[in-house]
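S.K.: Quick one: sequence plus predicted model below, questions after.
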Amino acid sequence: MADEKGFDRRLLRRIVGYLMPYKHWVLLAFVLVMIAAFLGPLRPKLVQLAIDDYIVPNQLDGMYVIILFLMGAVAIESILGFVNSYFTQWIGQSAIYDLRVRVYRHIQRQSLSFFDRTPIGRLITRTTSDVESLSDVLSAGIVLIMGDLFRLIFITAFMFSLDWTLAIVTLAVMPLMLWVTFWFKRNVRTQYRQVRKQVARLNAFLQEHVTGMSIVQLFGREQEEMKRFTRINDLHRAAHLKTVFFHALFWPAVDILATAAIGLVLWVGGVRAIAGGLTVGVLIAFVQYARQFFEPIRNLSDQFNTLQGAMAGAERIFDVLDHDYGLVEPEGVIPAEHLSGLIEFRNVWFSYDEDPNWVLRDVSFEIRPGQTAAIVGATGSGKTTIISLLMRFYDIQKGQILLDGRDIRTYKLGYLRWRIGLVLQDVYLFSGSVERNLSLDHPGVTSHEVHQAAALIGADEFIRQLPGGYQHEVHERGQSLSHGQRQLLSFVRVLVYDPDVLVLDEATSSVDTETEHTIQRAMGTLLSNRTSLIIAHRLSTIRHADMILVLHKGVLRQRGTHEELLAEEGLYRTLYALQYKEQEEGALA
């Protein structure tokens, strides 16, 4: 139990740390809450004075002053309540904004290996609902907890100042109240963890299956996937209902104890009042204090429940923030504005797993500036892996990758990916205008440069035919455009940034013949004076390459020109016979 409490304190310190940029505003909120915390307990005292000093002695003149003080206290307390409510929400939402930005920035800088093993839905949960679970704590929770604690202190002080015997009677139920609270804490903390876990599972399932809905429907798996969703949803419901069960027991227990305290006050105080040992005003004030005393306890219990949910969410958020899988970047390296494009792999070994299951084995080659190199090989031979390593999406385990004679790990990632243009087979477009998808909102890219690049690629004509032209709204993932159109846009997007090295990963393998011809017409200009690395199955893309690299099971088996490799007995000739000869015959027909 001590470990859990310590752990709670550590988490709470980290949560409160996000309020530090607003510490002056938080301090002001504390001052306002302290004033309100004093005014509440002041009201029963004023009532006691009115009854004992003015109503019972029939001194009505002075009673009007007490009434004015009482009305003033209520008015000021109400105004402070409004100001504090708005003020603390502003502070909390600002802190939540900062936290969400930090989580998203942290996720952004992680290497692709992190995303390979982390479900996207889980990351969405961390950035949205887990962060939102801290909202109530940061918005008002900390301030309100302090306010309620001080309210309890003020109420206790007023009670003891009036009558210490009745004060002890009122507090007699506190040991039992503390036991109920600790029992509730011990059980509900575990359940909040389970709820957050099931929310993450639910989000991960939904994200994966909504994204892959075409496969679900294509293979008629709707009923089976519905059963899986129902099982996950049932676990989420069960976890949530358990928290409801503990709440359903806790709140009535608090109310019963509060009512018992009021009953004890009326019994003991009533007997003393009848005997003449207690004034009516003090008895009435104590009934009000008994009610007031358990109100902040209820509030503290409610805030404690919120805090438990926040702790569960914070554990998951900080688990992401505390594990950094981002690639190490050099300090203070300022490379030349442009690269010449010399690429060299030296004895490169790479595995996606911690336990080496080598995808690339001792791969070495060199691509000189301005050359076009093609990589071929069967599926799983390591073609795309070479591109991922050149873009430094992953770091190698052995060997060295050089760019212009320097290890790529000495370049800033932003610079490296700015100077190397990558066109993938699976083109991703964001919701927004065509022009925004081409410029990606880069401040240094003008509309003229976008239009110029589109004209060079041959995409300008079809873009202008779209409703709205370059301002045409692209739906999610670009589903309103054909695959060929999306592929052309990906070429334009790369050309807009004018890279020194161009990488094409199956960039034309899924486009129609007419679109391929359009791309091929632009390729001469696109590849001019650029080092290019191409992965493609189509003969028209690779046969004129300056060098062809042949991979097999992660090993570089052959290298040479198209003609040189065909003249040899080897893997390329076999691949050509199986995959390319039919294309060549069709092209020559």
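M.R.: Cool, got the structure.

S.K.: Correct me if wrong: residue 330 contacts residue 414.
M.R.: No - using Cβ atoms under 8 Å, residue 330 is not in contact with residue 414, being 11.8 Å away. Using the backbone N, CA and C atoms, a C-beta is placed for each residue, glycine as well.

S.K.: quick one, which of those two is more surrounded?
M.R.: More crowded of residue 330 and residue 414, by other Cβ atoms under 10 Å: residue 330, with 12 against 9.

S.K.: which non-adjacent residue is nearest that one?
M.R.: residue 410 (5.2 Å; Cβ to Cβ, 6 or more residues apart in numbering).

S.K.: pretty sure the one you found is touching residue 328, no?
M.R.: No - if you go by Cβ under 8 Å, residue 410 and residue 328 don't touch, sitting 10.7 Å apart.

S.K.: If you count surrounding residues, which of those two has more?
M.R.: Between residue 410 and residue 328, residue 410 has the larger neighbour count (other Cβ under 10 Å), namely 13 against 10.

S.K.: quick one, phi psi at residue 248?
M.R.: phi -60, psi -30 (degrees, to the nearest 10).

S.K.: when you give positions from now on, start the count at 372
M.R.: With the count now opening at 372, the last piece we talked about shows up as residue 619.

S.K.: Using the three-state scheme, assign the residue most central in space within the chain.
M.R.: Nearest to the geometric centre of the chain sits residue 498, at 2.2 Å (Cα atoms, centre = their mean). The three-state assignment at residue 498 reads helix, by DSSP: H, G, I helix; E, B strand; the rest coil.

S.K.: what residues are up against the closest residue to it other than its chain neighbours?
M.R.: Nearest residue to residue 498, sequence neighbours excluded (Cβ to Cβ, 6+ apart): residue 474, at 5.3 Å. By Cβ atoms under 8 Å, 6 or more residues apart in numbering, the contact set of residue 474 is 497-498, 502, 688, 691-692.

S.K.: With residue 505 instead?
M.R.: Residue 505 sits next to 386, 467, 470, 681, 684-685, 688 when contact means Cβ under 8 Å, 6+ apart.

S.K.: How about residue 388?
M.R.: Contacts for residue 388 (Cβ under 8 Å, 6+ apart) come out as none.

S.K.: would you list every one of the strands in this structure?
M.R.: 714-721, 731-738, 743-748, 769-774, 777-778, 791-795, 803-804, 844-845, 872-876, 902-906, 918-923, 926-931 (DSSP state E).

S.K.: Quick one: those as JSON lines, columns for distance to residue 853, mean pLDDT and mean neighbour count too.
M.R.: JSON lines is the format used below for those (distance: least, Cβ to Cβ, whole Å; pLDDT from 0 to 100; neighbours: other Cβ atoms under 10 Å):
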{"stretch": "strand 714-721", "distance to residue 853": "33", "mean pLDDT": "94", "mean neighbour count": "19"}
{"stretch": "strand 731-738", "distance to residue 853": "33", "mean pLDDT": "93", "mean neighbour count": "18"}
{"stretch": "strand 743-748", "distance to residue 853": "26", "mean pLDDT": "89", "mean neighbour count": "23"}
{"stretch": "strand 769-774", "distance to residue 853": "35", "mean pLDDT": "93", "mean neighbour count": "18"}
{"stretch": "strand 777-778", "distance to residue 853": "41", "mean pLDDT": "90", "mean neighbour count": "13"}
{"stretch": "strand 791-795", "distance to residue 853": "17", "mean pLDDT": "85", "mean neighbour count": "21"}
{"stretch": "strand 803-804", "distance to residue 853": "18", "mean pLDDT": "82", "mean neighbour count": "16"}
{"stretch": "strand 844-845", "distance to residue 853": "12", "mean pLDDT": "84", "mean neighbour count": "17"}
{"stretch": "strand 872-876", "distance to residue 853": "19", "mean pLDDT": "86", "mean neighbour count": "24"}
{"stretch": "strand 902-906", "distance to residue 853": "22", "mean pLDDT": "88", "mean neighbour count": "25"}
{"stretch": "strand 918-923", "distance to residue 853": "30", "mean pLDDT": "90", "mean neighbour count": "22"}
{"stretch": "strand 926-931", "distance to residue 853": "36", "mean pLDDT": "91", "mean neighbour count": "17"}
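
S.K.: could you dump these to JSON lines with distance to residue 588?
M.R.: Output for the strands of the chain, formatted as JSON lines (distance: least, Cβ to Cβ, whole Å):
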{"stretch": "strand 714-721", "distance to residue 588": "37"}
{"stretch": "strand 731-738", "distance to residue 588": "37"}
{"stretch": "strand 743-748", "distance to residue 588": "33"}
{"stretch": "strand 769-774", "distance to residue 588": "42"}
{"stretch": "strand 777-778", "distance to residue 588": "47"}
{"stretch": "strand 791-795", "distance to residue 588": "25"}
{"stretch": "strand 803-804", "distance to residue 588": "27"}
{"stretch": "strand 844-845", "distance to residue 588": "23"}
{"stretch": "strand 872-876", "distance to residue 588": "28"}
{"stretch": "strand 902-906", "distance to residue 588": "31"}
{"stretch": "strand 918-923", "distance to residue 588": "36"}
{"stretch": "strand 926-931", "distance to residue 588": "40"}
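
S.K.: Which one of those lies nearest to residue 572?
M.R.: Checking the strands of the chain against residue 572 by Cβ to Cβ gives strand 791-795 as the closest, at 30.0 Å.

S.K.: same for the closest one, what does it pack against?
M.R.: Contact here means 3 or more Cβ pairs under 8 Å, 6 or more residues apart in numbering; DSSP states H and E; on that basis strand 791-795 packs against helix 854-867, strand 872-876.

S.K.: Put together a markdown table for the ones you listed, with distance to residue 577 on each row.
M.R.: As requested, the helices and strands packed on strand 791-795 are arranged in a markdown table below (distance: least, Cβ to Cβ, whole Å):
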| stretch | distance to residue 577 |
| --- | --- |
| helix 854-867 | 25 |
| strand 872-876 | 29 |
